[in-house]
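1. Everything below, folded, please.
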Amino acid sequence: MAAPDSILARTTDPDGRVVVVLARIWEGKILRDHPELVDGLDLVADTVQSPDHSESDPIVGRHRYYRRRVGPSRWLLVVVSYEQEPGRVITALATRKDPKQWTP
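-> The predicted structure is shown next:
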């Protein structure tokens, strides 16, 4: 187990902002709630960097990034908080549901 505030991954979003994945969020929340992503750290970073779709989150200061056909389901959803710098991945999950604003 890594130190809680250690950075496990660093990437940039499509707007060039730095986004990190902290060990405490990856190990303490994402993997606890979504163990199917145990080997998905690189997929999460790639989703933020090169999403197939992105949209604002209902919570101000957050954004949702989606990537199709990666991971264990139809979509990989990654939510990033920009309420601090650098931005932080706050959750990631596999989902079958299309994003609300998705138009194929």
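2. First-to-last residue distance for stretch 47-62?
-> 15 Å (CA to CA, to the nearest Å).
3. what about it, average pLDDT?
-> Mean per-residue pLDDT for stretch 47-62: 96.
4. Pull out the buried positions in that stretch.
-> 47, 48, 51, 53, 54, 62 (16 or more other CB atoms under 10 Å). C-beta coordinates here come from the backbone N, C-alpha and C atoms, glycine included.
5. same question, stretch 31-44
-> Across stretch 31-44, burial judged by 16+ other CB under 10 Å covers 31, 34, 37, 40, 41, 43, 44.
6. residues in contact with it?
-> For stretch 31-44, contacts defined as CB atoms under 8 Å, 6 or more residues apart in numbering pick out 8-9, 21, 26, 30, 67, 70-73, 76, 78, 89, 91-94.
7. out of these, which are inside strands?
-> Of the positions in those, 8, 9, 21, 67, 76, 78, 89, 91, 92, 93, 94 sit in strands, assigned by DSSP state E.
8. now stretch 48-62, how far from the centre of its chain.
-> Relative to the chain's own centre, stretch 48-62 is displaced by 9 Å; criterion: CA atoms, centre = their mean, to the nearest Å.
9. For that stretch, which outside residues touch it?
-> 11-14, 19, 63-68, 78-83, 89-90, 99-102.
10. Got a quick PyMOL command for the buried subset of those?
-> In PyMOL syntax, the buried subset of these is picked out as below (16+ other CB under 10 Å):
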select buried, resi 11+13+19+63+64+65+66+67+68+78+79+80+81+82+89+90+99
